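Colleague: Turn this into a model:
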Amino acid sequence: MKKKRILIILLLFLAMNFILVYLDDGEKVDRITYVDEWTETRVMDLRENLVQNGVLTHVEENRIYFDKQQGNFQSFMVEKGDAVEVGDPLYTYAVTDYNQTFRTLTNEIDRLEDEINALESIITEIDSYGFPLQDDTIEISLNDGEDELSIPVEGQLETEYQKQQFVLQKTSELAEKEAQLSSLENQMSDLESTGDTITVESPSAGIISQLSVSLDDPLMTISSEELHAYGELTEEQRQLVEEEMVTEVMTDTELGDLPGAVTYVSDVPEENQLEDSSHYPINVTFDGEFQEGILKPGYHVGLDITLKESLDAIALEQDKIFDGTIWKMTEDGTLINAVVTTGIQEHQWVEIVEGAQAGDAVAYDPEERFRDDTTFITALDLPALTWYFMHPENIDWKRYMLLGIGVR
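Modeller: Numbering: from 1, shown residues only. Below you'll find the predicted structure:
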């Protein structure tokens with residue numbers, strides 16, 4: 001009977017409190033939210049990436065062709081796998097018509113001399129050009145309009161850098177043309193001295209990666225020793241990747257992962273079939289020395305492309321964010337449901353762009369019982385209390401208890 005009476009009183013007490021809270025439109029009854037689990041926002045570097053398969057290939061390939069109308073092939077002077085320098089002999093052939101070959105070589109030499117003179121003029125003109133500081137884009141016409149250089153001015157330093165890059169590009173083209181001219185002049189010298197035999201020289205340095213014994217074109221291919229990574233992107237991935245994006249080339253060698261960057265993304269797919277998916281070629285140039293030829297053409301690698309990056313970002317675990325909001329525990333002891341704007345996500349971490357600061361306390365359990373703008377309480381952390389570590393026998397607890405009662 002006594003237990004039944006206690007149970008009835010307890011139920012009436014709970015019911016009365018529930019009714020008071022339900023009817024409390026003026027919020028005169030204090031509400032308290034209990035927080036069991038909470039965490040803090042962190043400062044960390046976040047990146048959004050795309051990992052794609054790739055294969056190592058030569059950066060450049062120079063294909064050598066043989067015009068059978070010019071003469072009869074005699075012999076190769078190199079073999080597949082040989083390393084060649086500019087000017088090294090590649091093959092010989094016997095001309096069938098001296099006068100025709102003489103005219104052809106003369107025309108090619110004249111054409112190359114004109115191109116070399118034009119490149120030298122461009123380099124001299126752009127190298128001596130002083131860029132004025134202004135807000136608009138600088139448009140420069142070179143070589144009587146043959147070459148156009150467009151430079152968006154964003155400061156003298158950037159302008160000078162673009163100028164140097166343009167000069168380097170044209171200087172490289174000039175060196176290539178001069179090597180071709182030297183080869184043709186030597187062929188002309190052979191023709192004039194022998195009357196019927198010409199030795200063709202290498203226009204570039206590299207490795208003989210392909211050689212056609214059947215004399216089909218291309219007769220041979222000279223590949224540069226420098227390697228880069230080649231990959232392909234789907235239509236969706238092509239919309240995300242741009243040139244100059246930071247990329248790690250992941251190898252299975254002792255070199256490990258090598259830093260690099262996207263240097264080329266094609267706007268044209270490899271194949272354009274209606275029923276097939278489109279794939280867009282991509283080249284990644286990476287930094288790293290080929291120690292004793294560790295890296296070889298054909299090695300398969302991984303391409304870890306950084307699409308977006310946020311350094312020193314305020315971050316919070318994804319499962320602590322509820323429908324675009326977080327439960328912030330303020331210093332005055334109030335629980336606030338704050339709306340946040342999120343950014344980059346890496347694994348379980350999400351960047352908080354707006355709505356939180358570094359070191360903010362964030363409650364997350366039991367989330368279904370949280371109420372906005374209420375006082376919160378947390379569980380008592382006994383290990384954090386000093387007295388928890390003290391031994392009772394070292395304390396005159398009776399004295400302090402009587403003293404406390406006396407003060408009360």
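Colleague: mind checking the backbone torsions on the nearest residue to Leu335 once chain neighbours are set aside?
Modeller: Distance criterion C-beta to C-beta, 6 or more residues apart in numbering; nearest residue to Leu335, sequence neighbours excluded, is Phe376 at 4.2 Å. Yep, even glycine has a C-beta here, placed from its N, CA and C like the rest. Backbone torsions for Phe376, taken as degrees, to the nearest 10, come to phi -110, psi 150.
Colleague: how deep is Met245 tucked in, by neighbour count?
Modeller: Residues lying near Met245 (other C-beta atoms under 10 Å) number 21.
Colleague: Quickly list what the nearest residue to it once chain neighbours are set aside is bridged to.
Modeller: Nearest in space to Met245, with sequence neighbours left out and distances taken as C-beta to C-beta, 6+ apart, is Val262 at 4.6 Å. Taking DSSP bridges as the rule, Val262 bridges to Val284.
Colleague: if we can go back for a sec, just list whatever residues bridge to the residue nearest to Leu335.
Modeller: On DSSP bridges, the residues paired with Phe376 through beta bridges are Thr33.
Colleague: ok, it to Ala361 distance?
Modeller: 10 Å (C-beta to C-beta, to the nearest Å).
Colleague: Could you check which of those two is surrounded by more residues?
Modeller: More crowded of Phe376 and Ala361, by other C-beta under 10 Å: Phe376, with 20 against 17.
Colleague: quick one: contacts for the more buried one?
Modeller: Ile32, Thr33, Tyr34, Val35, Met329, Gly333, Thr334, Leu335, Ala363 (C-beta atoms under 8 Å, 6 or more residues apart in numbering).
Colleague: Give me the buried positions along stretch 38-58.
Modeller: Under the neighbour-count criterion of 16 or more other C-beta atoms under 10 Å, stretch 38-58 has Trp38, Thr41, Leu46, Glu48, Asn49, Gln52, Gly54, Leu56, His58 buried.
Colleague: Could I get the residues you listed in TSV, plus columns for secondary structure, pLDDT and distance to Asp319?
Modeller: Below are the buried residues of stretch 38-58 laid out as TSV (DSSP: H, G, I helix; E, B strand; the rest coil; pLDDT from 0 to 100; distance: C-beta to C-beta, whole Å):
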residue	secondary structure	pLDDT	distance to Asp319
Trp38	strand	92	13
Thr41	coil	95	14
Leu46	strand	92	16
Glu48	strand	91	19
Asn49	strand	92	21
Gln52	strand	94	29
Gly54	strand	95	34
Leu56	strand	93	40
His58	strand	90	47
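Colleague: Mind telling me the two of the residues you listed farthest from one another?
Modeller: Trp38 and His58 (56.4 Å; C-beta to C-beta).
Colleague: What helix or strand is Tyr93 located in?
Modeller: strand 89-95 (DSSP states H and E).
Colleague: wait, Asn107
Modeller: helix 98-127.
Colleague: Packing partners of that helix?
Modeller: Contact here means 3 or more C-beta pairs under 8 Å, 6 or more residues apart in numbering; DSSP states H and E; on that basis helix 98-127 packs against strand 137-142, helix 156-194.
Colleague: Start and end of stretch 65-74, how far apart?
Modeller: 14 Å (C-alpha to C-alpha, to the nearest Å).
Colleague: Identify all contacting residues around it.
Modeller: 91-96, 100-101, 104, 197-198, 215, 217-219.
Colleague: ok, now with 6 Å
Modeller: Residues from elsewhere that reach stretch 65-74 (C-beta atoms under 6 Å, 6 or more residues apart in numbering): Thr92, Tyr93, Ala94, Val95, Thr96, Thr101, Leu215, Asp217, Pro218, Leu219.
Colleague: List the contacts of the first one.
Modeller: Right, the one you point to is Thr92. Applying C-beta under 6 Å, 6+ apart, the residues near Thr92 are Gln74, Ser75, Thr199.
Colleague: ok, now the third one?
Modeller: Residues in contact with Ala94 (C-beta under 6 Å, 6+ apart) are Gly71, Asn72, Gln74, Asp196, Thr197.
Colleague: coming back round to it: please state the mean pLDDT value computed over the helix holding Asn107.
Modeller: Averaged across helix 98-127, pLDDT comes to 89.
Colleague: Quick check: buried residues in it?
Modeller: Here helix 98-127 shows 101, 104-105, 108-109, 112, 115-116, 118-119, 122-123, 126 as buried, counting by 16+ other C-beta under 10 Å.
Colleague: Neighbour count for the contacts of Phe376 - can I get that in TSV?
Modeller: Formatted as TSV, those follow (neighbours: other C-beta atoms under 10 Å):
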residue	neighbour count
Ile32	11
Thr33	20
Tyr34	13
Val35	20
Met329	21
Gly333	12
Thr334	14
Leu335	23
Ala363	23
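Colleague: Please consider this matter closed, and thank you.
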